[in-house]
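Q: the amino acid sequence is not available; the structure is as follows:
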């Protein structure tokens, strides 16, 4: 299954929420959607799922127009947007049956398979009102996967969870993707989680597409050099005087933005100036540093 966005623009009156966004999400991977608050992430999700109409452009889901052929386009898409909503007084099973619209032997077999994977099979008859936040999130993901979703969208799936719950949801997303080949798009403010579970990345800022592609390739575009040196502040001043971009300084280390082939020259410069260099290594940037670079500071 593929999701293709062509020149998407969305205006709310005079406010431009999304501007000329074109991208493609292909089968099988986990895609992270990131950006500052108000960047346009939720608008993009609602456009992909056909919940709002674009001002300009269009979305194709498996070749079907997400708005003009909405039923056909959404047949294999599941989504949890903002927060999974259930009827507290009804059981988990009843909520799934009502909101998925599923029925019959094949549906129940699929439902039970996903519930076992989510470790919710033993609480099928319990009222959802008694569920913890983490259990509700897992039930929400279960609903997104029913009846036969090939692509699911999860909007902030770790909201309200403690660290253990965040790790649990991360493992569920990654493992389900690997085992069943379901494509996943995750919108999240937790950059460390996105970096750990995602294969691809979409970065939106101020309604514009800032970056899109394989996450490893994006993070390797601006490598940094980690240097451990005896006088980091003085060494940083020397590097700045030679127009080298110093990103950060600690009590023992300097981080410099540099091309990998220039590392030897930096080392030679420091040694010739009398500095003692004990460690020097080229590293790819973190998702956090990439985010701050692309958003000009972000949030």
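A: Ah, there it is. Predicted model, so just to flag it, every value in this text is computed and none were measured.
Q: going by C-alpha atoms from here, please, whenever you check contacts or count neighbours.
A: Noted.
Q: can you give me the helices in the stretch 51-200 of the chain?
A: Under the criterion DSSP state H, counting those that start in this stretch, the stretch 51-200 of the chain contains helices at 70-73, 92-100, 104-117, 133-145, 163-180, 191-197.
Q: wait, which of the ones you listed is closest to residue 155?
A: Proximity to residue 155 (CA to CA) singles out helix 133-145 among the helices of the stretch 51-200 of the chain, at 10.5 Å.
Q: just checking, what packs against that closest one?
A: Using 3 or more CA pairs under 8 Å, 6 or more residues apart in numbering; DSSP states H and E, the elements in contact with helix 133-145 are strand 77-80, helix 92-100, helix 104-117, strand 151-155.
Q: now the first one: average pLDDT?
A: For strand 77-80, mean pLDDT is 88.
Q: just checking: what are the partner strands of it?
A: In the sheet, strand 77-80 lines up against strand 151-155 (parallel) (DSSP bridges).
Q: tilt between the partner strand and helix 163-180?
A: Relative orientation of strand 151-155 versus helix 163-180 (axes from the mean of the first three to the mean of the last three CA atoms, to 10 degrees): 170 degrees.
Q: circling back to that earlier point, winner for burial among the helices of the stretch 51-200 of the chain?
A: A comparison of the helices of the stretch 51-200 of the chain by mean neighbour count, using mean count of other CA atoms under 10 Å, puts helix 133-145 on top with a mean of 22.
Q: ok, residues contacting it?
A: With contact meaning CA atoms under 8 Å, 6 or more residues apart in numbering, helix 133-145 is reached by 77-80, 84-85, 92, 96, 99-100, 111, 114-115, 118, 120, 128, 152-154, 157-158, 160-161, 165, 169.
Q: how deep is the residue lying closest to residue 151 once chain neighbours are set aside tucked in, by neighbour count?
A: Leaving out its chain neighbours, the residue that sits closest to residue 151 by CA to CA, 6 or more residues apart in numbering is residue 183, at 4.6 Å. Residues lying near residue 183 (other CA atoms under 10 Å) number 24.
Q: wait, residue 183 touches residue 152, no?
A: Yes. The pair residue 183 / residue 152 is scored as a contact, 6.4 Å apart, by CA atoms under 8 Å.
Q: quick one: pLDDT of the residue nearest the centre of the chain?
A: Computing the C-alpha centroid of the chain and ranking residues by CA atoms, centre = their mean puts residue 32 first, at 2.0 Å. In this model, residue 32 is scored at 95, pLDDT.
Q: didn't it look like it was pressed against residue 189?
A: No. At 9.9 Å, residue 32 does not count as touching residue 189 under the criterion of CA under 8 Å.
Q: need the overlap of contacts for the two.
A: The overlap between the contact sets of residue 32 and residue 189 (CA under 8 Å, 6+ apart) is empty.
Q: how about residue 81, what does it touch?
A: Shown in contact with residue 81 (CA under 8 Å, 6+ apart): 153, 154, 155, 156.
Q: recalculate using a threshold of 7 Å.
A: With contact taken as CA atoms under 7 Å, 6 or more residues apart in numbering, residue 81 is in contact with 154, 155.
Q: show me where this structure has strands.
A: Secondary structure of the chain by DSSP state E: the strands cover 3-12, 15-25, 30-34, 56-61, 64-65, 77-80, 151-155, 183-187, 200-205, 208-214, 224-229, 245-249, 253-257, 277-283.
Q: out of those strands, which gets the lowest mean score?
A: Mean pLDDT values for those show the minimum at strand 245-249, a mean of 81.
Q: how far does it sit from its chain's centre?
A: Mean C-alpha position of strand 245-249 versus that of the full chain (CA atoms, centre = their mean, to the nearest Å) differs by 27 Å.
Q: what packs against it?
A: Applying 3 or more CA pairs under 7 Å, 6 or more residues apart in numbering; DSSP states H and E, we find strand 245-249 packed against helix 232-241, strand 253-257.
Q: out of the ones you listed, flag the one nearest residue 58.
A: Comparing these by their distance to residue 58 (CA to CA), the top pick is strand 253-257, with 38.7 Å.
Q: for the closest one, list every residue counted as buried.
A: Within strand 253-257, the residues that qualify as buried are 253, 254, 255, 256, 257, counting by 16 or more other CA atoms under 10 Å.
Q: related to what we said a few turns ago, is it true that the residue nearest to residue 151 touches residue 32?
A: No. The pair residue 183 and residue 32 does not pass the contact test of CA atoms under 7 Å, sitting 11.3 Å apart.
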